[in-house]
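Asks: Build me a model:
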Amino acid sequence: MDRKRIWGWWFFDWASQPYHTLLLTFVFSIYFAEVAKTHFIALGYSSTIAGANAQALWGYGLSITGVLIAVLAPILGAIADGSGRRMGWIWLFSGLYVLGAAGLWSLTPEQPALVQAVVLFGIGLIGTEFATIFTNALLPGLAPRDEIGRLSGSGYAFGYLGGVSALAIMLLLFAETPSGRTLAGIEPLFGLDPALREGTRFVGPFTAIWYAVFMIPFFLWVREPRGPRRPIRLGASLRDLGSLIASLRHRRSLRNWLLSSMFSRDALNALYGFGGVYAGTVLGWPVFLAGVFGVISAISAAIISWLGGRADRAFGPRAVIAACILALTAICVLLVGMDRASVMGIPVAEGGVIGSLGVADLLFFLCGAVIGGAGGALQAASRTMMVRHTTEERATEGFGLYALSGKATAFLAPFLIAVTTDLSGNQRVGLAPLILIFLVALVLLGWVDPDGEEEARP
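Replies: Purely as a prediction, here's the structure:
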């Protein structure tokens, strides 16, 4: 194995993870919820309805982005495999990542351009999702088949370490607490004005800079496998894609795997996307406290992803995936039944258990550790399972189809959460659809061959 090439490939996870850690889950999403809720209150809505409106707007934005990714991912994968080129696409979508992330600076607390922020966030998310398709397609050529699970798990662990490192830097040096100082007790660096929330808003440009710097090892050390380079033929690529999709009628394991992963990843992404909004509006957490929560979650994700890679090697990816789905389902049940005053109908202390934190706050920290750990191990093992259902030559097309399965219903969980929240007027009840989605994924997983399919085996 080429260790330098493997490290370069791992650096993509390190560079790209902050989009999910800082923007989707722990900092920007909470800042967006705070700004949007304040804006809707200023328009005359009650606090409860204003919070629900903020969550619904975020959900509809994620839904639209998910539809675009679902439509384009398999087409781009087929084109890339047909032409024999992947690195150029990674450069292109890296540009979208940087553009979208950097543009989030423009969401000011006064007269916020909420729709513009959602659009820019979507552009960056499209960039990171599509770049991930093409980097994942390089995985089958990195190592022998029995080492893929370990490499995938280690890659996710390294990525989460990158995410938690970026989050720690953001909290210690830039994001302001209610006192106007950072968690390190200093004013935000570079003269950023706490009154204008510039320290928190810097999370967008910071994420863009982080990605640009740490993608350098990837582009220096990772090379595509040698092979013919062919001109792009859209018609031929679409025909190949159509044949692959048609073959799913006869490929029982791959079909059920794609369906299972479609539901599990949809629900997991919704947990990531709405966890920060839940913390900010249901529990009333400020950004800095949610950031501490993010550090705990990311550390858990790094450790459990690394352990999950070893478990994948020992027991296979299906067993790891099933255990993770069960853990995430239990967390969803807890979130639906919890608020500041009670847990599953049992009254609890609202504050003062540890400092000003109540029982619900401490339980949410525990939820974050489980979501981060189970989510990381689930994604790493899922990447391994997909490798077992494809070949190195058609890996981009295969992972494009995998991305389609993850995004074909990517609008579903956010949409169901948004609609359920609208109809019930209750954010906790709005998360209930995730329980059913995870259970459907678990049932479908039972029909997946843990060793993959003969078509993909060496």
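
Asks: which stretches of this structure form strands?
Replies: 342-343, 346-347 (DSSP state E).

Asks: Out of those strands, which is the most enclosed?
Replies: strand 342-343 (a mean of 14; mean count of other Cβ atoms under 10 Å). To be clear about C-beta, it is placed using only N, CA and C from the backbone, and glycine gets the same treatment.

Asks: Does anything pack onto that strand? Which helices or strands?
Replies: Strand 342-343 is packed against helix 359-387, with contacts defined by 3 or more Cβ pairs under 8 Å, 6 or more residues apart in numbering; DSSP states H and E.

Asks: Mind giving me the packing neighbours of the helix it packs on?
Replies: Using 3+ Cβ pairs under 8 Å, 6+ apart, helix 359-387 sits against helix 148-173, helix 252-281, helix 287-315, helix 317-336, strand 342-343, helix 395-407.

Asks: Which one, of those, ends up nearest to residue 87?
Replies: Closest approach to residue 87 among the helices and strands packed on helix 359-387 is made by helix 395-407 (11.3 Å; Cβ to Cβ).

Asks: List of residues touching stretch 94-102?
Replies: Contact with stretch 94-102 is made by 16, 19, 23, 120-128, 130-131, 204-205, 207-208, 211-212, 215, as judged by Cβ atoms under 8 Å, 6 or more residues apart in numbering.

Asks: hmm, try it at 7 Å
Replies: Applying Cβ atoms under 7 Å, 6 or more residues apart in numbering, the external contacts of stretch 94-102 come out as 19, 23, 120-121, 123-128, 131, 204-205, 207-208, 211-212, 215.

Asks: what's the least confident stretch among the helices and strands packed on helix 359-387?
Replies: Among those, helix 395-407 has the lowest mean pLDDT, at a mean of 70.

Asks: how much does the longest helix belonging to the chain deviate in direction from helix 252-281?
Replies: Criterion DSSP state H: the longest helix present in the chain is helix 47-83. Angle, helix 47-83 to helix 252-281, by axes from the mean of the first three to the mean of the last three Cα atoms, to 10 degrees: 150 degrees.

Asks: Show me what helix 47-83 is packed against.
Replies: helix 28-42, helix 114-136, helix 234-247, helix 252-281, helix 395-407, helix 412-424, helix 427-430 (3 or more Cβ pairs under 7 Å, 6 or more residues apart in numbering; DSSP states H and E).

Asks: Pull out the buried residues from that helix.
Replies: By neighbour count on 16 or more other Cβ atoms under 10 Å, the buried set for helix 47-83 is 50-70, 72-83.

Asks: My read is that residue 340 contacts residue 283, right?
Replies: Yes. Using Cβ atoms under 7 Å, residue 340 is in contact with residue 283, at 6.1 Å.

Asks: more crowded one of the two?
Replies: residue 283 (19 against 16; other Cβ atoms under 10 Å).

Asks: wait, what's in contact with the more buried one?
Replies: With Cβ under 7 Å, 6+ apart, residue 283 has these contacts: 340, 360-361, 364.
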